[in-house]
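# How does the following fold in three dimensions:
(3 chains)
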Amino acid sequence: MPELPEVETVKRGLERLIVGKTIVVIDHGSDKSFPNDHTQVDAFMINATITKVTRRAKVLLIELSTEYTIMIHLKMTGQLVFVGSERFGAGHPNDSLVDNLPDKSTRVTIVFNDDSKLFFNDQRRFGWVKLLPNHMVKEEPFMQKVGPEPLHPEFSDEVFLSRIARRKGTTIKAAILDQTVLAGIGNIYADEGLWMSKIHPATRVKDVSNKKLKELRQNLVDVLQLSIDKGGSTNKNYVDAEGNKGSYMEFAKVFRREGKPCNRCGATIEKSRVAGRGTHTCPDCQSPPKKLL
DNA sequence: CACTTGACCTGTCCGC
DNA sequence: TGCGGACAGGTCAAGT
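All right, here's what the predicted structure looks like:
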């Protein structure tokens, strides 16, 4: 999916675009993308006003005046696109979305009192939308177990080291992809952070020194922040709440750069498989663990 | 408990 | 041009 920077970018867009609007119509078909009972959805969403938009890990939380919260996970290909009545002009992507949405990937449509619309699109249907009473949000299994927010000050070296210690037998890449260790890292920023730290992704956690783990913590924080500044990464499907692509991929050091030179040493970036995921490394900067040699 | 693998879906790309 | 297989940004269930 969209990883932390992409979800954060969507969150900021929605905060600006939909807070204060009132829902008048919901079209959610009979789809696993929105498993709530229709009666419940109508009762607590129709005539509800959007009061707040927040993010926890890769989950978006849209709070309503009815004391209910819409929880949304975009997974791999989800999009949340707002379409208002205004035209942006000059070939802005939102303008073509006005004419092209809904499309065959649209799972949920929310119509607001000023006739603007919010579309939840999801090609692969892994994502979901759920409506919950506010007090039930923290009871969700994922919310119960998810780890600390990397961009909050409490995500210290000590917290990172103690959390990752539970995964000492697995590879460092699998460990940082584990949402219970820290929230928000996905395949792109795992590879980027490990390259920045000169750690091979297949290295066992127990074979990474505390010094290197501390470097990794800082690099993960830095790459997430940089990507937010660039509006996230558009690898394929991702767009923000106005249909714009993110530009982080132009700055990526290894992700999807196989066959290209390493920015640091000039060696050719390689692609392999670690933790069941496509993995990008510099063969010179990130020396593989002995068992792979 | 820790760890790995396959499943969930649709679409696209690559080799034959 | 068609077909089969691998692969795609994430999590979860089931297996060892």
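# Would you map the strands across the stretch 151-293 of chain A?
Assigned strands in the stretch 151-293 of chain A, in chain order: A:270-274, A:277-281 (criterion: DSSP state E, counting those that start in this stretch).
# Kindly compare burial across those and name the winner.
With neighbours defined as mean count of other Cβ atoms under 10 Å, the strands of the stretch 151-293 of chain A peak in mean count at strand A:277-281, which reaches a mean of 21. For the C-beta atoms, the positions are set from N, CA and C on the backbone; glycine is no exception.
# Strand A:270-274 and that one, what's the angle between them?
Computed by axes from the mean of the first three to the mean of the last three Cα atoms, to 10 degrees, the angle separating strand A:277-281 from strand A:270-274 equals 140 degrees.
# is strand A:277-281 anywhere near DNA strand B?
No. Using Cβ under 7 Å from any atom of the strand, no contact is recorded between strand A:277-281 and DNA strand B, whose separation bottoms out at 9.2 Å.
# how about the strands of the stretch 151-293 of chain A, which one is nearest A:N187?
Taking Cβ to Cβ as the criterion, A:N187 comes closest to strand A:277-281 out of the strands of the stretch 151-293 of chain A, the separation being 5.1 Å.
# and the closest one, is it in reach of DNA strand C?
Yes. Strand A:277-281 reaches DNA strand C (Cβ under 7 Å from any atom of the strand) through A:R277, A:G278.
# List the neighbouring strands of that strand plus their orientation.
strand A:270-274 (antiparallel) (DSSP bridges).
# Endpoint to endpoint, stretch A:42-54 covers what distance?
Terminal residues of stretch A:42-54 are spaced 22 Å apart (Cα to Cα, to the nearest Å).
# and that stretch, what's its mean pLDDT?
Per-residue confidence for stretch A:42-54 averages out to 97 on the pLDDT scale.
# what sits against the residue of the stretch 51-200 of chain A found nearest DNA strand B?
Ranked by Cβ to the nearest atom of the strand, the top residue of the stretch 51-200 of chain A for proximity to DNA strand B is A:G169, at 2.3 Å. Contact criterion Cβ atoms under 8 Å, 6 or more residues apart in numbering gives A:R204, A:V205, A:K206 as the residues in contact with A:G169.
# do the same with A:Q123
Applying Cβ under 8 Å, 6+ apart, one finds that A:Q123 lies in contact with A:T77, A:S105, A:N237.
# Show the model's pLDDT score for the second one.
The one in question is A:S105. 95.
# Also the first one?
For A:T77, the model assigns a pLDDT of 97.
# now it: how far from A:P283?
As for A:T77, its distance to A:P283 is 31 Å (criterion: Cβ to Cβ, to the nearest Å).
# And the second one, by the same measure?
Between A:S105 and A:P283 the computed distance is 38 Å (Cβ to Cβ).
# The last one too?
Computed as Cβ to Cβ, the A:N237 to A:P283 distance reads 30 Å.
# Report the buried members of the contacts of A:Q123.
Under a neighbour-count criterion of 16 or more other Cβ atoms under 10 Å, the subset of those counted as buried comprises A:T77, A:S105, A:N237.
# Using JSON lines, please lay out the residues you listed together with distance to DNA strand B.
Shown next, in JSON lines, are those (distance: Cβ to the nearest atom of the strand, whole Å):
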{"residue": "A:T77", "distance to DNA strand B": "7"}
{"residue": "A:S105", "distance to DNA strand B": "7"}
{"residue": "A:N237", "distance to DNA strand B": "9"}
